[in-house]
Every structure is written in C-alpha cells, then in structure tokens.
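Colleague: what's the 3D shape of this:
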Amino acid sequence: MPVTVYKLDNEPIIHATFSGEIVVGDLLEMYHRSAAIMGTSREIFHRISDFRQADSDMMNVLTLIRTVSADDEPGSTRDPRIKGVMLGSNKWVRIGQATLNQMGLGSTIPLFEKLGEALDYVRVQIAPGNHPIKREQDTRKDIFLEDFVFFVLPFSLIMAALLFIDEDLRRCASTSVCWAAA
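Modeller: Sure, this is the predicted structure:
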C-alpha cells in the first residue's frame, strides 16, 4: 500500500507514510483517512507526511502540488484543523515543501529528515505555552536561497505555465489541427 495513515495514541498527531511512486490518489487517500481520524473534532492535528521511502520525479511533484494547492476537502492541507510537517531529504521533497510554503497555504510547513526531530517539533507546538523551536534550518537562509534559485523558481515557472496551458493541451492533444494552428 503506497500510503499508511494512523494517529499516535493520546496525541493530536497523524503520521502518513508514503512508499514507492506517489500518485494523486495516494494524497486523496491520506486526506480521507485524516478526515476520518479527526471526525468532527475542532482540535488542531499535526500531520507528519513521511516521504522518506517515496519515489518521485518532476512531473509527479508538479501534479501533486497542483492537487494539494487546489483541494479544500476535509483532511486536506488546506483544512484549518491540519498543521502540516514534512519528513524527507531528497531534492523533490525539498522542492515540494519550498513551493508549498511559497504558495501560502496557511502556515509554513517545516521539513525534517528524521522522525524523532519531527515528533519533537510537533510536541513542542502542542505543548501548553506553545514555544516554537528555533531550528538550525531556520537560520540557513543561504541554502534556502540556493534551493530557491536553482530548484523552486524554475519549478514554479513550469508549474505556472502548466496551469495556463493545461486546458488547451487537454482539448488539443488528440487533434493535429490544434497543433497545426499553433
């Protein structure tokens, strides 16, 4: 199974683990399972999306980001009861996380490489008094800028272009007349 979703005992923490190639259906499954876990509760849940065992490529990531940014259903990233945390270290996870943060889907989605670090971060966030953890990653702006210039900016431009031409491509993909007119 490409995604497993469960709630940690006695904590408002959902852990979603992806493996293999991720498709839109896997994200939707995570949303549905998260919504079922949360039920009608108004409590804030922190969902750790674990991509350490997932495979992706640029087109996959583009499609997944489009889905995440457009979906308002319960359990989705836009659900106000969900605070997202990402887990992974490959370039596609970093690009996806940076792009989602640039899109402003509510709150900043932190990225960790180890589950223990992500859990520590979330537990501090849900603790009384809510004192955010200042992490080394937060002060590494030079590395973020490098990632932004070389990965996120071109990636965002490609995504924007795809959003504008997607409808025309779907209509014209099967006809040679459309391509000849262009």
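Colleague: and residue 110, how many neighbours?
Modeller: Applying other CB atoms under 10 Å, we find 23 residues neighbouring residue 110. C-beta coordinates here come from the backbone N, C-alpha and C atoms, glycine included.
Colleague: Let me know the helix or strand that the nearest residue to it once chain neighbours are set aside is in.
Modeller: Spatial nearest neighbour of residue 110, chain neighbours left out: residue 85 (5.6 Å); criterion: CB to CB, 6 or more residues apart in numbering. In this assignment (DSSP states H and E), residue 85 forms part of strand 82-87.
Colleague: Now do the lengthiest strand in the chain and strand 82-87, the angle between them.
Modeller: Criterion DSSP state E: the longest strand present in the chain is strand 45-55. Interaxial angle, strand 45-55 versus strand 82-87 (axes from the mean of the first three to the mean of the last three CA atoms, to 10 degrees): 30 degrees.
Colleague: in strand 45-55, what's buried?
Modeller: For strand 45-55, a neighbour-count test (16 or more other CB atoms under 10 Å) marks 45, 46, 47, 48, 49, 50, 51, 52, 54 as buried.
Colleague: what's near enough to touch the second one?
Modeller: In this case it means residue 46. 12, 13, 14, 82, 83, 84, 85, 122, 125, 126 (CB atoms under 8 Å, 6 or more residues apart in numbering).
Colleague: cutoff 10 Å now
Modeller: Residue 46 sits next to 8, 11-15, 82-85, 118-119, 121-123, 125-126 when contact means CB atoms under 10 Å, 6 or more residues apart in numbering.
Colleague: So which of those residues are in strands?
Modeller: 13, 14, 15, 82, 83, 84, 85.
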